[in-house]
Each structure stands twice: as structure tokens, then as C-alpha cells.
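J.: Predicted model and sequence follow; I will ask about them next.
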Amino acid sequence: MTDQKQVTLYGLTEDMKTLEDMLDNSNLEGQEHAAAVIQSEITTMLQSKVDRVVMFDQYLEDTIEACEKRIKTIQALKKTLENKRESFNKYVLYCMDQLEVPELRGELCKVSIKKPSKKVIIEDENLLPVEFVKVERTISPVKAEIAKAIKEGREVPGAKLVDGERSIRLTNLTV
């Protein structure tokens, strides 16, 4: 029989099957009461184990729900922090513009205004040549290819190359 200190659902199931086999295949004259007591004890242990199995499943379900809620909270926090960072960088850029300086230096770090990169503005996706779009469920212009073609002097109907937004570059001078 299963050791009561390490009762498992599998062990209880095996004990119950063993007891049923013994009852079916042997002559237990005079031992019916003992067999009934053992069967009752195994049944009680099995019921208790089933309760713990269900409680554990509920614990896992609750933990999964808590994780899902936490993920949503963390995603919202991430978005908030990204927005704060973008806002802060724009603030620093604004201050540098007001000071009319291209760079600020500290003892360990510097902040410099980097030249804006070119970015593609899609004016009309329907006019883009097939080589510059991915055909899926929706039209997705391949901006890198469009930018490359325009830089090479090719005309790309439906698109133009303009200066993107300025941003700042943060550099650690001790590295």
C-alpha cells in the first residue's frame, strides 16, 4: 500500500486497483470486514487527494490569471515609461535649441543633437510599384526599399523622402 507520508493520486489509484484485484481473485472468507475497512480508508484518502488536486488546479488557474493581469499592468507601465522617455528627450532637445548649442557635456556623459535620418512618407499606397510593397491582407510599403530607390535618384510614385524628426543621442564618455 502507499506510504501515507507520500500519498500520490497515482499511488492511491494503484492501491485501489490492487485491493479490487485481491477482492475479485481470492477467497477472503472472514476477512471481508478488514478488506472493507482498507477500501474505506483508501477511498477517504482518494477523496482527500482529489480535493487537493482540484485546489492545486485552481491555484494554477488563479496564478495564470494573476500573471495575465500583471502582464497587462507591466505592458501599460512600459508604454508609460516609453512616453515619459520620449517626452523627456524632446524636453532636452527643446532646452538645447533654446541654448542654441549642438552638444552638452557633463563630467561623465554628453548629450548631442544628431542629424535627423531620412524617412519615407507614403502619400498614396495605391501608386507604389509592386516591388516596393508586401502583398498580404493589407498593403505594407517597404519603406527601406523606397528610401533606397529615391536616394539612388529613382522616382517612386506615391512616395517622397523627407527629413525625419530630430532626436538626441546620449553617450557615456567613460566608455
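T.: Arrived safely. None of the values given here were measured: they were computed from a predicted structure.
J.: burial count for residue 80?
T.: If you count neighbours by other CB atoms under 10 Å, residue 80 ends up with 10. (Each C-beta comes from the backbone N, C-alpha and C, glycine too.)
J.: who does whichever strand or helix holds it touch, helix- and strand-wise?
T.: Assessed by DSSP states H and E, residue 80 sits inside helix 32-99. With contacts defined as 3 or more CB pairs under 8 Å, 6 or more residues apart in numbering; DSSP states H and E, helix 32-99 has these neighbours: helix 9-25, strand 109-114, strand 167-172.
J.: In the sheet, which strands lie alongside the helix or strand following the second one, parallel or antiparallel?
T.: I take that to be strand 109-114. Scanning forward in sequence from strand 109-114 by DSSP H and E, the next helix or strand is strand 118-122. Strands that pair with strand 118-122, judged by DSSP bridges, come out as strand 159-163 (antiparallel).
J.: rewinding a little: in CSV, list the helices and strands packed on helix 32-99 along with mean neighbour count and distance to residue 96.
T.: Converted to CSV, the helices and strands packed on helix 32-99 look like this (neighbours: other CB atoms under 10 Å; distance: least, CB to CB, whole Å):
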stretch, mean neighbour count, distance to residue 96
helix 9-25, 13, 67
strand 109-114, 14, 6
strand 167-172, 13, 8
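J.: can you tell me which of these comes nearest to residue 82?
T.: With distances scored as CB to CB, the stretch of the helices and strands packed on helix 32-99 nearest to residue 82 is strand 167-172 (13.7 Å).
J.: Give me the angle between the helix holding residue 80 and helix 9-25.
T.: 160 degrees (axes from the mean of the first three to the mean of the last three CA atoms, to 10 degrees).
J.: continuing past helix 32-99, what's the next helix or strand?
T.: Using DSSP H and E, the helix or strand that directly follows helix 32-99 along the chain is strand 103-105.
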